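> got a structure for you, letters missing:
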């Protein structure tokens, strides 16, 4: 069977089969019936993606960056582990539910890994911002890097029980604390399984991470203090404040790498678009009549005219003739 060629990109092609399969996958992922215009828009998006993918794979070949069989198999194995798939039959069935075969998945992974390589090297890694730029971002968004006030707490959690039994038990535990028992010795005796297993420790928590009723109490207590029983849907909580950290700004050196990654991510789509634009200008792209409704090759821009320079004066001889 001869597959119809829809677009030629340098020495590579986008075929009717590849286009139809990608359109079918895109429609399936949307999960709803599409109008004629919506279907046409999906086809335009898919064709643009396929041309871009082909350009990047062509560039990867030039740079010798194609993904290897070993890398593909490593990612296949990771997918199986993440989805807790034990047998080849289970894996094939799971993929079939998404309209894929094992070989089809391998091919998709090969394309994806290859494109990640070339884009990482040619685009992402070149978004290199100096400290002056990053410091401006840091000062502008200083609140983003602020660490809120935190408390380190431990708790005894008593299930609610029937007819107020849980609250009564919680009151008994509080009385034992008031007459000299230590919090640490009462945790394994009275706390529920979840907190008992970690000796009641909840670590450092910030505002917004706790139940509002508990948060209001613990952030008002001094270090070393123990709360009265606090009722929630989980039961009755007796909480001890072990330590406190005031709100503080993280320094620029601490967050520089995070700011750089954030700025690279923000600038990446524009830089990728510019990079693809340059590849298209350098590429030979031929679009068939069947594909013309979904893709138009970009017009070639004329190179800027060469700057006109005055001719250099002739070298002056050592001595003019008389």
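Nice, I can see it. No experiment lies behind these values; they were computed from the predicted model shown.
> mind listing the strands for the stretch 151-300 of the chain?
In the stretch 151-300 of the chain, the segments counted as strands under DSSP state E, counting those that start in this stretch are 201-206, 230-232, 235-245, 248-249, 285-287.
> Make a markdown table out of these and add mean neighbour count, distance to residue 99 and mean pLDDT.
All C-beta spots, glycine's among them, are computed from the backbone N, C-alpha and C. Below are those laid out as a markdown table (neighbours: other CB atoms under 10 Å; distance: least, CB to CB, whole Å; pLDDT from 0 to 100):
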| stretch | mean neighbour count | distance to residue 99 | mean pLDDT |
| --- | --- | --- | --- |
| strand 201-206 | 15 | 44 | 89 |
| strand 230-232 | 16 | 45 | 90 |
| strand 235-245 | 20 | 47 | 92 |
| strand 248-249 | 12 | 50 | 89 |
| strand 285-287 | 17 | 27 | 94 |
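> can you put these in JSON lines and add distance to residue 88?
Listed next are the strands of the stretch 151-300 of the chain as JSON lines, based on distance: least, CB to CB, whole Å:
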{"stretch": "strand 201-206", "distance to residue 88": "42"}
{"stretch": "strand 230-232", "distance to residue 88": "47"}
{"stretch": "strand 235-245", "distance to residue 88": "46"}
{"stretch": "strand 248-249", "distance to residue 88": "53"}
{"stretch": "strand 285-287", "distance to residue 88": "40"}
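> Can you check which of the ones you listed gets nearest to residue 68?
For the strands of the stretch 151-300 of the chain, proximity to residue 68 was assessed by CB to CB; strand 285-287 is nearest, at 28.4 Å.
> for this protein, what helix or strand is lowest in average pLDDT?
helix 193-196 (a mean of 71; mean pLDDT, DSSP states H and E).
> Centre of the chain to stretch 200-207, how far?
Here the centre of stretch 200-207 is set off from its chain's centre by 27 Å, with CA atoms, centre = their mean, to the nearest Å.
> Residues in contact with it: which ones?
Residues outside stretch 200-207 that contact it (CB atoms under 8 Å, 6 or more residues apart in numbering): 147-156, 183-184, 187, 191, 195, 215, 219, 240, 243, 245.
> can you rerun that using 10 Å?
Identification of contacts with stretch 200-207 by CB atoms under 10 Å, 6 or more residues apart in numbering yields 147-157, 183-184, 186-188, 190-191, 194-195, 209-210, 214-216, 218-219, 238-240, 242-245, 247.
> and those residues, which of them are in helices?
183-184, 186-188, 190, 194-195, 214-216, 218 (DSSP state H).
> got those residues as CSV, with neighbour count and distance to residue 294 columns?
Output for the ones in helices among the contacts of stretch 200-207, formatted as CSV (neighbours: other CB atoms under 10 Å; distance: CB to CB, whole Å):
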residue, neighbour count, distance to residue 294
183, 19, 69
184, 12, 69
186, 17, 71
187, 22, 66
188, 13, 68
190, 19, 68
194, 11, 56
195, 22, 59
214, 21, 57
215, 17, 55
216, 12, 58
218, 24, 60
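> where's the dip in pLDDT among those residues?
On pLDDT alone, residue 194 ranks lowest of the ones in helices among the contacts of stretch 200-207, at 68.
> Now distance to residue 129 too, for the ones in helices among the contacts of stretch 200-207, in a markdown table please.
Below are the ones in helices among the contacts of stretch 200-207 laid out as a markdown table (distance: CB to CB, whole Å):
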| residue | distance to residue 129 |
| --- | --- |
| 183 | 49 |
| 184 | 49 |
| 186 | 54 |
| 187 | 49 |
| 188 | 52 |
| 190 | 55 |
| 194 | 45 |
| 195 | 45 |
| 214 | 42 |
| 215 | 38 |
| 216 | 42 |
| 218 | 40 |
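> Now the two most distant members of those residues.
188 and 216 (27.7 Å).
> ok, the residue nearest to the spatial centre of the chain - contacts?
Nearest to the mean C-alpha position of the chain, by CA atoms, centre = their mean, lies residue 265 at 9.4 Å. Applying CB under 10 Å, 6+ apart, we find residue 265 in contact with 124, 127.
> so where's the protein uncertain?
1, 163, 193-194, 302-322 (pLDDT under 70).
> Now do the helices in it.
16-30, 36-63, 69-82, 88-96, 102-122, 131-140, 165-178, 183-190, 193-196, 212-218, 252-282.
> Same list, these, but as a markdown table with distance to residue 232 please.
Shown next, in a markdown table, are the helices of the chain (distance: least, CB to CB, whole Å):
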| stretch | distance to residue 232 |
| --- | --- |
| helix 16-30 | 40 |
| helix 36-63 | 47 |
| helix 69-82 | 34 |
| helix 88-96 | 39 |
| helix 102-122 | 45 |
| helix 131-140 | 39 |
| helix 165-178 | 11 |
| helix 183-190 | 17 |
| helix 193-196 | 13 |
| helix 212-218 | 6 |
| helix 252-282 | 34 |
